[in-house]
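just a sequence and a predicted model for now, questions to come.
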Amino acid sequence: MRTYRLKPGTRDAFVRAMREQAIPMLLAHGIEVVGCGASLADEDGHEEAYLLRAFDSLEAHERQEAAFYSSPTWLEGPRQAIVSHIESYHSVAIDTSRAAVNALKH
């Protein structure tokens with residue numbers, strides 16, 4: 001899971017760009033996207049959002065993420081427009097079941 005602390009007033013544009021541009025690109029690179037959207041609760045008044053992805057293993061996560069974020073599709077595409085909304089981000093990797101991943105998709 002990756003959480004994003006966003007610059008003030010940019011959450012709607014960030015979430016829209018993620019859903020319309022980044023997620024289709026992630027899917028095309030074989031990265032399973034479980035969910036993406038606005039946080040229901042903002043910390044300390046900051047706008048926040050999340051991206052939840054699933055990988056077969058930690059090694060697959062590292063390999064697929066490195067391939068995606070170094071690809072010309074990302075670097076020459078919407079990267080700058082999306083990143084410009086981010087103040088900071090934090091990633092967490094957990095080990096969970098396929099059933100849990102499927103449940104989170106609903």
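Arrived safely.

tell me which residues in stretch 53-69 are buried?
Neighbour-count burial for stretch 53-69, counted by 16 or more other Cβ atoms under 10 Å, picks out 53-55, 61, 64-65, 68. Yep, even glycine has a C-beta here, placed from its N, CA and C like the rest.

is Asp95 in a helix, a strand, or coil?
Here Asp95 is recorded as coil under DSSP: H, G, I helix; E, B strand; the rest coil.

tell me the pLDDT at it?
For Asp95, the pLDDT comes out at 93.

same question for Glu43.
The model's pLDDT for Glu43 equals 76.

list the contacts for it?
Arg5 (Cβ atoms under 8 Å, 6 or more residues apart in numbering).

contacts for the biggest helix by length in the chain next, please.
Scanning the chain for the longest helix, with DSSP state H as the assignment, gives helix 58-69. When contacts are defined by Cβ under 8 Å, 6+ apart, helix 58-69 is touched by residues 25-26, 29-31, 53, 55, 74, 93.

in strands only, show me these.
Arg53 (DSSP state E).

tell me the one of the buried residues of stretch 53-69 nearest Asp12?
Each of the buried residues of stretch 53-69 was scored against Asp12 by Cβ to Cβ, and Arg53 proved nearest at 21.6 Å.
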